[in-house]
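S.K.: Dropping a prediction and its sequence here:
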Amino acid sequence: MMRLVFLGTGSGWPTKKRNVSSIVLAMNGEVLLLDCGEGTQRQLLYTSVSFMKIDRILVTHLHGDHILGIPGLIQSMALAGRERPLEILGPSGISEAVDMFLSIGEFSRSFDVRVRTMTGGESLDTGRYVITAAEAEHTVPALAYSVEEKERPGQFDREKAISMGVPEGPLFGRLQRGEAVEVNGRTIHPSDVLGLPRRGRKVVYSGDTLPCEAVLRLAHGADVLIHEATFSDELRDKAAEFGHSTALQAAEIAHKAGVKRLFLTHISPRYDDPSALLEEAKSVFEETYMAEDFTEFPVPLPEAQ
C-alpha cells in the first residue's frame, strides 16, 4: 500500500488552518518524510503515522519553513529510544545544517543520522524504489524529488500454472517471486505463468520552485504530482520575484507532464480560503486537488486507475 499524509500545506509560517511544509509518503512498511517544517512532530500525533517509523527525510531546500522541524524530531526519536539509522537527503548545505541541529541541546542519541547531499539528476536506488532529484528554480539551491517503485512482476495466471502441473501452495509463491521451480522433472519458469511486468507508482514533489523544465521532466507520467502553488495567477509577478509558482502554473506543469493527479500545496497565509486557487488550476487540469493539513490519499496501483 502507498499513501500520502499531508502534515503541513502552508508557506512561510504556521496559521490556524495550515502548518508549514511536511508530507508523509508511506509505502510497503517504509515511511519517507518530504520536508520537515517546524511543528511536524506534533502534526504527526494527529495521524496514524508514528515519528519513530520514519526512514528518510527528503529536504528540498534550507529555508526554515522546510527544515526547522528536524532538530525536534531527532530529539524526540532519541528520547523514545530509537536505534535504527535515520537518513536525511538534501541539497548543498544539508550536511552543515544537520550538524548544527545535532549540536543543539544536550541529549544522548543511540542511532546514526546519515546525511547525503543530492544534486540534480542524481538517483538513489533503495532496492524497492528509486529516489531521483532534479534542480528546482528557487532563491536558494533547491531540489524536487521523484519516488518511483520498481517494476512489479506480471499478474500470476493460476489456471495456467495448474494446467502445467504446479500444485497450489509454496511453488505458486516462488513463481510469483521470480523463481523457477521443478515439477515432475520439468522446469517451470516464471515467464510461463506471469504476465508482462507492471510499472510501479511514481510520486513527484516540487518543493519551492518557479515553473521549470527540470521539474516538468521529472514529473513526466507521475501518478501524483505535489506542486507548490503559493499564489494565485494575479500575483504571477510576485511569485516570480520570490521564486514561487502560481496555482495556474502548477496546473500547466501537470498538464504538460501528463500526470494522473495534482495536489496544490505551500499555500500563502494570505489565502484563508484557497478555493480561487483550486478553481484556476482546475481550469487547466481537472484532476487537481487542494492539499489540506491531515488529508490522506491512497495512491492506487496503476491498473486500478
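M.R.: It's in.
S.K.: And the next helix or strand past the helix or strand of the chain with the lowest mean pLDDT?
M.R.: The helix or strand of the chain with the poorest confidence is helix 190-193; it has a mean of 84 (mean pLDDT, DSSP states H and E). Counting by DSSP states H and E, the next helix or strand C-terminal to helix 190-193 is strand 202-205.
S.K.: packing partners for that following strand?
M.R.: strand 143-149, strand 224-228 (3 or more CB pairs under 8 Å, 6 or more residues apart in numbering; DSSP states H and E). All C-beta atoms are positioned from the backbone trio N, CA, C, and that covers glycine.
S.K.: In CSV: those, plus distance to Phe297, mean neighbour count and mean pLDDT.
M.R.: Putting those into CSV (distance: least, CB to CB, whole Å; neighbours: other CB atoms under 10 Å; pLDDT from 0 to 100) gives the following:
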stretch, distance to Phe297, mean neighbour count, mean pLDDT
strand 143-149, 14, 25, 97
strand 224-228, 8, 29, 98
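S.K.: quick one on the thing from earlier: what residues sit buried inside the least confident helix or strand of the chain?
M.R.: 190, 193 (16 or more other CB atoms under 10 Å).
S.K.: can you list contacts of that helix?
M.R.: 153, 156-157, 160-161, 164, 166, 175-176, 178-180 (CB atoms under 8 Å, 6 or more residues apart in numbering).
S.K.: Give me the buried subset of the residues you listed.
M.R.: 153, 161, 166, 175-176.
S.K.: wait, which of those residues is closest to Thr288?
M.R.: Pro153 (33.1 Å; CB to CB).
S.K.: circling back to that earlier point, please render the helices and strands packed on strand 202-205 as CSV that adds distance to Glu135 to the earlier fields.
M.R.: Converted to CSV, the helices and strands packed on strand 202-205 look like this (distance: least, CB to CB, whole Å):
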stretch, distance to Glu135
strand 143-149, 7
strand 224-228, 15
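S.K.: Pull the most distant pair out of the buried ones among the contacts of helix 190-193.
M.R.: Taking CB to CB, no two of the buried ones among the contacts of helix 190-193 sit farther apart than Pro153 and Val166, at 15.5 Å.
S.K.: that older thread, can you check which of the helices and strands packed on strand 202-205 gets nearest to Arg18?
M.R.: Across those, closest to Arg18 is strand 224-228 (CB to CB), at 12.9 Å.
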